[in-house]
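**Student:** All I have is the shape, not the residue letters:
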């Protein structure tokens, strides 16, 4: 199997980042990751992070930035991430009023086109990261497909989250193949679930609208859940992925670092590393 660089989505160690960002980055580097994807900066500057990442040999490949922040300060967002050295900016989530099938979705498309154009001028590529709600149909298409059809590929690429694709009832490997050439970054995420009809909203930022214990949903290290590990990696490579990003929103054991190590062992077993 072809080798690909692997990054770690720092949302999985957000508590640790809040306490000691540099020590946390050092631990991620020691596990063997090539880069990181940010999910917040905890008061430190782009220059401070860039200096630390250079010292550790980690690449700041991308960053999840809420659409609200982008709408309020698009120039500042681009300037910060240009200084940091990110190749990609990612819209990670849509609030309910902005989702496919709502009146606000048209505004999302317009904003994505504007911001994607500004990113391109700055040498950054804008991506969109899905959950499962984008697989609601809009005009006969999945909402996610509608978004990608409405925005030119040079203004918006995909960051397909393979966990949420499968949770929505779609084969993630096949779905990746449908975006060949438009999938530079792929989220690799594994899980188990005893109930595929309920979204574990509490795990993706909507506290009080779901109960992960009753849903039977739980994240797992890659290769230790329900995903076809080899199939996913092969599909990502075939789709033209430049980076794989490991994401595990919540630890399944004592430590997110232990889970990350187990996931890296799966990548090694598959020959990606």
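**Tutor:** Yep, it's here. Predicted model only: the values in this text are computed from it and were never measured.

**Student:** where's residue 7 relative to residue 154, distance?
**Tutor:** Distance, residue 7 to residue 154, by CB to CB, to the nearest Å: 23 Å. All C-beta spots, glycine's among them, are computed from the backbone N, C-alpha and C.

**Student:** Between those two, which is the more surrounded one?
**Tutor:** residue 7 (24 against 12; other CB atoms under 10 Å).

**Student:** sec struct for the more buried one, please.
**Tutor:** Counting by DSSP: H, G, I helix; E, B strand; the rest coil, the backbone at residue 7 sits in strand.

**Student:** Which residue is the nearest non-sequential neighbour of it?
**Tutor:** residue 35 (3.8 Å; CB to CB, 6 or more residues apart in numbering).

**Student:** What number of residues are in the vicinity of that neighbour?
**Tutor:** Neighbour tally, residue 35, other CB under 10 Å: 21.

**Student:** cool, residue 120 as well?
**Tutor:** 15.

**Student:** repeat for residue 163
**Tutor:** Residue 163: 29 neighbours (other CB under 10 Å).

**Student:** What residues does the residue nearest to residue 7 make contact with?
**Tutor:** Residue 35 is in contact with 5, 6, 7, 8, 58, 59, 60, 61, 243, counting by CB atoms under 8 Å, 6 or more residues apart in numbering.

**Student:** In the beta-sheet assignment, what are the partners of it?
**Tutor:** Per DSSP bridges, the residues bridged to residue 35 are residue 7, residue 59.

**Student:** what ranges of the protein fall below the confidence cut-off?
**Tutor:** Residue ranges of the chain with pLDDT under 70: 195-215.

**Student:** In it, mark out all the helices, start to finish.
**Tutor:** Along the chain, counting by DSSP state H, helices occupy 14-19, 21-31, 46-56, 67-72, 74-84, 105-121, 143-150, 162-167, 172-177, 212-215, 229-238, 256-269.

**Student:** In JSON lines, list the contacts of residue 35 along with distance to residue 92.
**Tutor:** Shown next, in JSON lines, are the contacts of residue 35 (distance: CB to CB, whole Å):
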{"residue": "5", "distance to residue 92": "21"}
{"residue": "6", "distance to residue 92": "19"}
{"residue": "7", "distance to residue 92": "15"}
{"residue": "8", "distance to residue 92": "15"}
{"residue": "58", "distance to residue 92": "20"}
{"residue": "59", "distance to residue 92": "19"}
{"residue": "60", "distance to residue 92": "16"}
{"residue": "61", "distance to residue 92": "14"}
{"residue": "243", "distance to residue 92": "16"}
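
**Student:** List buried residues within the residues you listed.
**Tutor:** 5, 6, 7, 8, 58, 59, 60, 61, 243 (16 or more other CB atoms under 10 Å).

**Student:** what's the spacing between the fourth one and residue 264?
**Tutor:** Applying CB to CB, one obtains 9 Å for the distance of residue 8 from residue 264.

**Student:** between the two, what contacts are shared?
**Tutor:** With CB under 8 Å, 6+ apart as the test, residue 8 and residue 264 both reach 31, 33, 246.

**Student:** Disregarding flanking residues, what is the spatial nearest neighbour of residue 38?
**Tutor:** Here the residue nearest residue 38, using CB to CB, 6+ apart, is residue 63, at 4.0 Å.

**Student:** Kindly provide the distance from that neighbour to residue 41.
**Tutor:** Distance from residue 63 to residue 41, by CB to CB: 8 Å.

**Student:** neighbour-wise, which of these two wins?
**Tutor:** In this view residue 63 and residue 41 are compared by other CB under 10 Å, and residue 63 has more residues nearby, 23 against 16.

**Student:** returning to that earlier point: residue 69: which of the contacts of residue 35 is nearest?
**Tutor:** residue 60 (17.4 Å; CB to CB).
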